[in-house]
Structures are given as structure tokens and as C-alpha cells.
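*Asks:* I'd like to go over a predicted model; first the sequence, then the structure.
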Amino acid sequence: MKKALAIIVTATLCTSVCYAGHHRDSLEVIAKRLAPVGQVNIIGQKKKTEAKPAQVARAPMPPKELYDMRCKACHASGAAGAPKISDKAAWEARSKKGLAKLTANAIKGINAMSPKGGCVTCTDDEIGATVKYMLKQAGIKAK
Ligand code: HEC
């Protein structure tokens, strides 16, 4: 009878202790299995905060480059009645309107010249800088 009791006690103890031990192991194994998933999420979040905005503002185009690409076609030759960049007298007469007015006209267009000389992607600031550049090339001090 004593022997039987000992077996029962041992069995009961083992059931709870061994089960608890086994359970702990399982949690550890599960935790290990889950760990990489957690890391992936952290890396994903990090990337999100480091990500650059999709629309990065481009650097303004230097006036000489813009002139060569977008304005020269008319303003070098005088095409369509455009004041030639080499015609100081023509620019002197126009500059009496003031730099702000010349720039505003170049932006909104004037007679045969379409708005911004047709450069839809040019900013107002770029056009302003290019008008200054053109006046300087013509030998006029922009005011
Ligand atoms: C398709 C030809 C053409 C292109 C391209 C062109 N222009 Fe002109 N531009 C003209 C003509 C024509 C005039 C004269 C308009 C008038 O007074 O009747 C003019 C006039 C101007 C004037 C004088 C405006 C005024 O108030 O007197 C400025 C400044 C000017 N252009 C700047 C530019 C700039 C800057 C560009 C390039 C971004 C450019 N133009 C591209 C044809 C052109």
C-alpha cells in the first residue's frame, strides 16, 4: 500500500512538473520562432521612417541652360519678332517697363510668345532668373 501511494505521488508530481517544464520549452521554442518575424517588422518600420518622399523637388535649372534650351530658339535669331539677345537697344527700350513687368510678361506670355516660352515645367523663379540673365547678356543692368 505504501509502495502504491509512492507511485501515485511520483506520478502526480511528474505530471505537473514535467508538463510545466515541457510547456515552458514550448513557449521558448515559439518565442524563438516568432523572433525573426518581429525583426522583419522593425526593419520595415525603420525603412518607412527613412524613406524619402516620392516627389523630390528638382534643383532649379541654371539660367544659361534654361535660356539655351527654351528661349534661344527665338531670342537668338529674332524669330516671330522676338527681341534678339544681342539687340541692346531693343532690350533697353523694354527694360523701361522694369524687371518685374518683363518677368511677369515672360511668365504669362506676350503676343507671339507663349507663357514661359512654352516651358510648362519651368518655375516662375527660373523664368525670372533667365530674364535677368538675358538682360545681362544684352548689356542691360536689370532693375
Ligand atoms: C516662340 C518664340 C519664343 C520663345 C521660345 C521665347 N520667347 Fe520671349 N519673346 C518672344 C517674342 C515674339 C517676344 C516679343 C513679344 C512682343 O512684345 O510682342 C518675346 C519677348 C520676351 C520678353 C520681353 C517681354 C516684354 O514685356 O517686353 C522677355 C523678357 C522674354 N521674351 C523672355 C523669354 C524667356 C525667358 C524665354 C525662355 C523661357 C523666352 N522668352 C522664350 C518669343 C519667344
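*Replies:* Yes, it's here. As the structure is a prediction and not an experimental result, all values here were calculated from the model. Residues are numbered from 1 along each chain as shown.

*Asks:* Going by C-alpha atoms from here, please, whenever you check contacts or count neighbours.
*Replies:* Noted.

*Asks:* got the residues of this protein near the ligand?
*Replies:* 67, 70-71, 73-74, 80-83, 94, 102-103, 105-106, 110-113, 116-117, 127, 130-131 (C-alpha under 6 Å from any ligand atom).

*Asks:* domains in the protein, as residue ranges please.
*Replies:* For the chain, automatic domain parsing gives the domain ranges 1-51, 63-137.

*Asks:* Out of the ones you listed, which gets the lowest mean score?
*Replies:* For the domains of the chain, the weakest mean pLDDT is recorded on domain 1-51, namely a mean of 57.

*Asks:* Return the subset of the residues of the chain next to the ligand lying in helices.
*Replies:* 73-74, 94, 102-103, 105-106, 127, 130-131 (DSSP state H).

*Asks:* Confirm for me that Gly109 is in contact with Lys116.
*Replies:* Yes. Judged on C-alpha atoms under 8 Å, Gly109 makes contact with Lys116 at a distance of 6.3 Å.

*Asks:* Of these two, give the one with the bigger neighbour count.
*Replies:* Taking neighbours as other C-alpha atoms under 10 Å, Gly109 and Lys116 compare with Lys116 leading, 24 against 16.

*Asks:* Now Gly81. Nearest residue, chain neighbours left out?
*Replies:* Ala112 (7.7 Å; C-alpha to C-alpha, 6 or more residues apart in numbering).

*Asks:* Wait, the one you found touches Gly78, no?
*Replies:* No. With contacts counted by C-alpha under 8 Å, Ala112 stays clear of Gly78, the gap being 11.5 Å.

*Asks:* Give me the more crowded residue out of these two.
*Replies:* Gly78 (15 against 11).

*Asks:* quick one, phi psi at the more buried one?
*Replies:* phi 90, psi 20 (degrees, to the nearest 10).
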